[in-house]
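[1] Let me see the structure of the following:
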Amino acid sequence: MDRTSLIGLIVGIAAIVLGQLFEGGHIGSLLQPTAFFIVIGGTLGAVMLQSPWPTFRLGMQMARWVIYPPSVAPQRLIDQLVTWGQIARKEGLLALEVQIATLKDPFARRGLQLLVDGAEPERLREVLDVEIVTYENQMKQAAKVWEAAGGYSPTIGILGAVMGLIQVMENLSDPSKLGAGIAVAFVATIYGVGAANLIFLPVAKKLLASIQRLVAMRDMYVDGLVGIANGDNPRIIEGRLQGYFL
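    Here you go, the predicted model:
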């Protein structure tokens with residue numbers, strides 16, 4: 001669990017709420033269901049319009065990475081590749097075939113299968129690099145769903161503000177309705193800008209950072225397999241791979 005992200009979200013929201021209280025305002029004045037519906041609903045609709053459904057769905061699923069980031073254990077992978085390198089040097093590449101069934105990741109299984117099948121090192125790297133590029137592009141497109149939301153929400157907030165002002169202008173003859181319209185106008189702007197800069201854009205950056213680590217793990221895995229295919233000393237492979245996560 002990434003407690004830093006959770007604490008950061010709480011601190012950001014608390015700072016705005018406490019600032020409102022210090023200025024003599026009331027928390028209730030920040031709670032405007034109409035403004036919330038306009039900003040969040042409008043932003044959601046805009047993002048869904050620009051994104052294919054599989055990309056949008058993946059982006060929503062990846063949101064949990066903010067609090068529960070994907071596990072990245074580079075040293076464990078390095079130790080595994082070094083062990084495979086030692087087995088390959090002593091018993092040959094075919095001795096690694098029993099390891100394929102122990103791997104849960106389809107990418108890892110395909111890579112080891114290519115190695116066991118005797119694929120040339122450069123051919124092995126070429127095939128797996130294509131998969132890495134495709135994977136990286138797919139994941140980044142999903143993460144950019146949140147980045148797009150951060151771009152749309154301030155504008156939708158302004159739209160909500162204009163709608164609130166329209167309501168004010170339509171009810172100038174009834175002072176009792178002016179307050180609600182003005183509140184929606186200003187709070188919609190707060191929701192739009194606040195959601196973009198406290199939630200949507202930070203989530204996008206966090207997801208992109210996690211994707212970068214996952215891609216680095218795959219690159220490291222491929223580098224290790226190529227080293228084994230070339231017959232490199234396992235200790236040389238280990239030293240080279242440790243450079244991926246200094």
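[2] okay, CA-based contacts and neighbour counts for the rest of this
    Noted.
[3] got the buried residues for stretch 92-105?
    Neighbour-count burial for stretch 92-105, counted by 16 or more other Cα atoms under 10 Å, picks out 93, 96, 100.
[4] okay, and for the chain, where does confidence drop off?
    For the chain, residues meeting the criterion pLDDT under 70 lie at 176-181, 246.
[5] Okay, helices next: where are they in this structure?
    Shown for the chain, the helices assigned by DSSP state H span residues 3-22, 33-50, 53-61, 74-91, 97-100, 106-116, 121-170, 178-195, 201-230, 234-241.
[6] and the angle from the third one to helix 201-230?
    The reference is to helix 53-61. Here helix 53-61 runs at an angle of 100 degrees relative to helix 201-230 (axes from the mean of the first three to the mean of the last three Cα atoms, to 10 degrees).
[7] by how many degrees do helix 53-61 and helix 121-170 diverge?
    Angle of helix 53-61 versus helix 121-170, following the same axes, to 10 degrees, is 80 degrees.
[8] could you dump helix 53-61 to CSV, C-alpha only?
    Extracted in CSV, the C-alpha atoms of helix 53-61 (Å, rounded to 0.1, in the frame of the first residue of the first chain):
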residue,chain,number,x,y,z
TRP,A,53,-13.9,1.6,-24.4
PRO,A,54,-11.1,-0.9,-23.7
THR,A,55,-8.7,2.0,-23.1
PHE,A,56,-11.1,3.8,-20.8
ARG,A,57,-11.9,0.7,-18.8
LEU,A,58,-8.2,-0.1,-18.4
GLY,A,59,-7.5,3.4,-17.2
MET,A,60,-10.3,3.1,-14.6
GLN,A,61,-8.9,-0.2,-13.5
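[9] Report the angle between it and helix 33-50.
    Here helix 53-61 points in a direction 130 degrees away from that of helix 33-50 (the same axes, to 10 degrees).
[10] Distance check, residue 35 against residue 168.
    Counting by Cα to Cα, to the nearest Å, the gap from residue 35 to residue 168 is 14 Å.
[11] Tell me how far the residue of the chain positioned farthest from its centre lies from residue 167.
    Computed with Cα atoms, centre = their mean, the residue of the chain farthest from its C-alpha average is residue 173, at 49.6 Å. Using Cα to Cα, residue 173 is found at 11 Å from residue 167.
[12] Now the residue nearest to the spatial centre of the chain: closest residue in space that isn't a chain neighbour?
    Closest to where the C-alpha atoms of the chain average out (Cα atoms, centre = their mean) is residue 207, at 1.9 Å. Residue nearest to residue 207 in three dimensions, not counting chain neighbours: residue 143, with 5.9 Å by Cα to Cα, 6 or more residues apart in numbering.
[13] Number of residues surrounding the one you found?
    By the other Cα atoms under 10 Å criterion, the neighbourhood of residue 143 contains 28 residues.
[14] Isn't residue 81 up against residue 225?
    Yes - using Cα atoms under 8 Å, residue 81 is in contact with residue 225, at 7.3 Å.
[15] ok so, going back, for residue 35 and residue 168, indicate the residue with more neighbours.
    Each of residue 35 and residue 168 has its neighbours counted (other Cα under 10 Å); residue 35 has more, 28 against 22.
[16] if I pick the closest residue to that one other than its chain neighbours, what's in contact with it?
    Nearest residue to residue 35 in three dimensions, chain neighbours excluded: residue 188, at 4.6 Å (Cα to Cα, 6+ apart). Neighbour list for residue 188: 35, 36, 38, 39, 157, 158, 160, 161 [criterion: Cα atoms under 8 Å, 6 or more residues apart in numbering].
[17] Can you convert those residues into JSON lines and add a column each for distance to residue 135?
    Shown next, in JSON lines, are these (distance: Cα to Cα, whole Å):
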{"residue": "35", "distance to residue 135": "38"}
{"residue": "36", "distance to residue 135": "35"}
{"residue": "38", "distance to residue 135": "34"}
{"residue": "39", "distance to residue 135": "32"}
{"residue": "157", "distance to residue 135": "34"}
{"residue": "158", "distance to residue 135": "36"}
{"residue": "160", "distance to residue 135": "38"}
{"residue": "161", "distance to residue 135": "40"}
